[in-house]
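Trainee: predicted model and sequence follow; I will ask about them next.
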Amino acid sequence: MDNIKNGNKIANFDVAKIRKDFPVLGQKIYGKPLVYFDNAATTQKPKAVIDITNKLYSEDNSNVHRGIHYLSSQITKMYESAREKARSYLNARHTREIIFTSGVTASINLVAYSFGEAYIKEDDEIIVSEMEHHSNIVPWQMLCKRKGAKLRIIPFNEKGELLLDEYRKLINLKTKLVAVTHVSNSLGTINPIKEITAIAREKEIPVLIDGAQGIQHGEVDVQDIDCDFYAFSGHKIYGPAGIGILYGKERWLSEIPPYQGGGDMIDRVTFEHTTYDDLPFKFEAGTPNYIGAIGLGAALDYLTDVGLDNIKNYEKKLLDYGAEKLLSLDGLKLYGTAENKTCLFSFLLDNIYPYDAGMFLDKAGIAVRTGHHCTQPLWARYQTEGSVRASLAFYNLPEEIDCLCEALKEIKKMFV
Amino acid sequence: MTIKKTQEQIIDEFKLFGGEMEKYNYLIKIGRGLPVIDSQYKTENNLIKGCQVKTWYYSDFKDGKIFYAIDSVSLVIRGFIALLIRIFSGQRPADVQKADLFFIKEIRLEENFSPLRANSLFKLTDRIKTDAAFYLSKQNNG
């Protein structure tokens, strides 16, 4: 699989050439070249994704499945081919393990509901971490409330690394599921998900990995990780918005009940009883976002062509360069200094409120995100309310990091 | 001074600035000068809800006039608050309720008052008006 995913079609990583694949990057904001550092919120789309989306609506549109006409069977083939691309990308065993959802939030809610209905009862425990996005906290909290179960929390250290010894202590006979993020969206920490899974596996506890911030930065092999569920969103991996994947081991997906009922997920319906379709369709009620799914498939193809190792290596260079440059700024405090992290800089500059800094970075054409980034418990750990977050992708440039630093120096002059 | 006159005065002052950044520098300056409100008003209840920028709002009605205690963690927002307090504090509820906030457009910083912004200014001006309507009905019924 390494050879396929790291494709060799672009032997040398040429960022200038890559940038030309992303039309949005060429524009100016307030007369200044756009510096797009908000990739953890959403990534930009390559022409391959934009073009296929346009083509599908212009030439191929029809509803998938059950159609007896040409267009329907063609687009069904493309839709199922996208499922196969996602399977291959994750190295899942079978396409029965690949469910199309609207994104990570929907994927996690699906598991929280369906797994929760099947297996969670009063006094059971679900483990999450202190660095989770709200979308990997709230669905479990809702489940706990419904069932009278409890959430247990893995803490992290000052650098933003999960404390695995504490995690081990949390596991007991009542633990029914572990749900942990692959990469922290606020700190960039890459969590040791293989180790986290192995620890849970010792007690036969299933593990869900929130891959929203992990999938776009390197290879993910669900068989190697051995996790039970892995969720990611299309729009964070250079694909369309409104589409996502839930990978689930077939054993679980077969056992747990469907989350939503409707068309496309049934075998036979009478007023007395309904039997459900086989996997994966059992979890795809209603007309799916087939255009988004095919667009996602195109994004995965694109990344495979670029080469996941190329992406990983280049982003690491950006991370090292950016960390050195930002830390050289007087008064800048960086949050998230884990040994293993993605190219994401979460920081505060002196006592300048993140919103104020973000507003003036915007005036300089630099798109960042400010605030708590949907991780309020994480910021409570640091006794602050949020940060300025610059999250980079493989189309960003070292020169753009220089722009950020220069803009921050100017902002500092205004405020301090 | 009337609400209209104060706004005209602010517009004249902003005409002296060479560009957008000078305007923001001025807002930061007056934001820094805005008195910090008493901690008794910085309650969860007085927070403007649903905003990225923590902003506390409290109003008081005395001798037929409204007075405000407003504070924010953002210096830029504090600058705008200083302007809003200058315009509205000590005014009668009927005048506040019917006031047209034309200065926002004239000083060309209206993007900050857009409901699409993650700050609190849109909700703040809305709250000022709602409160004025409340005090007015209280006054008329009392």
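Mentor: Thanks, I have it. Residues are numbered from 1 along each chain as shown, chains lettered A, B, ... in the order given.
Trainee: drop to CA atoms for contacts and neighbour counts, all remaining ones
Mentor: OK.
Trainee: correct me, but B:Phe102 touches B:Gln7?
Mentor: Yes. The pair B:Phe102 / B:Gln7 is scored as a contact, 7.5 Å apart, by C-alpha atoms under 8 Å.
Trainee: of these two, who's got more company?
Mentor: B:Gln7 (24 against 13; other C-alpha atoms under 10 Å in any protein chain shown).
Trainee: look up the closest residue to A:Gly248, ignoring the ones flanking it.
Mentor: A:Phe229 (4.4 Å; C-alpha to C-alpha, 6 or more residues apart in numbering or on different chains).
Trainee: quick one, what contacts the one you found?
Mentor: By C-alpha atoms under 8 Å, 6 or more residues apart in numbering or on different chains, A:Phe229 lies in contact with A:Val207, A:Leu208, A:Ile209, A:Leu246, A:Tyr247, A:Gly248, A:Lys249.
Trainee: count the neighbours of whichever residue of chain B sits closest to chain A for me.
Mentor: Using C-alpha to the nearest C-alpha, B:Ser74 is the residue of chain B that sits closest to chain A, at 5.7 Å. Neighbours of B:Ser74 under the rule other C-alpha under 10 Å: 21.
Trainee: who are the contact partners of it?
Mentor: A:Ile352, A:Tyr353, A:Tyr355, A:Asp356, B:Val53, B:Lys54.
Trainee: CA atoms of the strand or helix carrying the fourth one as CSV?
Mentor: It refers to A:Asp356. Per DSSP states H and E: A:Asp356 is located in helix A:354-363. Output of helix A:354-363 as CSV, limited to C-alpha atoms (Å, rounded to 0.1, in the frame of the first residue of the first chain):
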residue,chain,number,x,y,z
PRO,A,354,-6.9,36.7,20.0
TYR,A,355,-9.9,38.3,18.3
ASP,A,356,-8.0,41.6,18.1
ALA,A,357,-4.8,39.9,16.7
GLY,A,358,-6.9,37.9,14.2
MET,A,359,-8.7,41.0,13.0
PHE,A,360,-5.5,42.8,12.1
LEU,A,361,-3.9,39.7,10.6
ASP,A,362,-7.0,39.6,8.3
LYS,A,363,-6.2,43.2,7.3
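Trainee: which residues sit against it?
Mentor: A:29-30, A:348, A:367-371, A:386-388, A:404, A:407-408, A:411, B:52-53, B:74-76.
Trainee: go ahead and confirm A:Tyr79 touches A:Tyr290.
Mentor: Yes. Counting by C-alpha under 8 Å, A:Tyr290 is a contact partner of A:Tyr79 at 5.8 Å.
Trainee: higher neighbour count, those two?
Mentor: For A:Tyr79 and A:Tyr290, the more surrounded residue by other C-alpha under 10 Å is A:Tyr79, and the numbers stand at 25 against 22.
Trainee: what sits up against the helix or strand encompassing that one?
Mentor: Using DSSP H and E, A:Tyr79 sits within helix A:70-90. For helix A:70-90, the external contacting residues (C-alpha under 8 Å, 6+ apart) are A:5, A:60-67, A:93-95, A:97-98, A:100, A:219-222, A:245, A:290-291, A:293-294, A:296-298, A:300-301.
Trainee: what residues sit buried inside it?
Mentor: A:71-76, A:78-90 (16 or more other C-alpha atoms under 10 Å in any protein chain shown).
Trainee: export that helix as CSV, just CAs?
Mentor: The C-alpha trace of helix A:70-90 is given here as CSV (Å, rounded to 0.1, in the frame of the first residue of the first chain):
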residue,chain,number,x,y,z
TYR,A,70,-28.0,4.9,-17.8
LEU,A,71,-27.2,8.1,-15.8
SER,A,72,-28.2,6.5,-12.5
SER,A,73,-26.1,3.4,-13.1
GLN,A,74,-23.2,5.5,-14.2
ILE,A,75,-23.2,7.7,-11.1
THR,A,76,-23.8,4.7,-8.9
LYS,A,77,-20.6,3.2,-10.3
MET,A,78,-18.8,6.5,-9.5
TYR,A,79,-20.2,6.7,-6.0
GLU,A,80,-19.3,3.1,-5.2
SER,A,81,-15.9,3.7,-6.8
ALA,A,82,-15.4,6.6,-4.3
ARG,A,83,-16.2,4.2,-1.5
GLU,A,84,-13.5,1.9,-2.8
LYS,A,85,-11.1,4.8,-2.9
ALA,A,86,-11.8,5.6,0.7
ARG,A,87,-11.4,1.9,1.6
SER,A,88,-8.1,1.8,-0.1
TYR,A,89,-6.9,5.1,1.4
LEU,A,90,-7.7,3.8,4.9
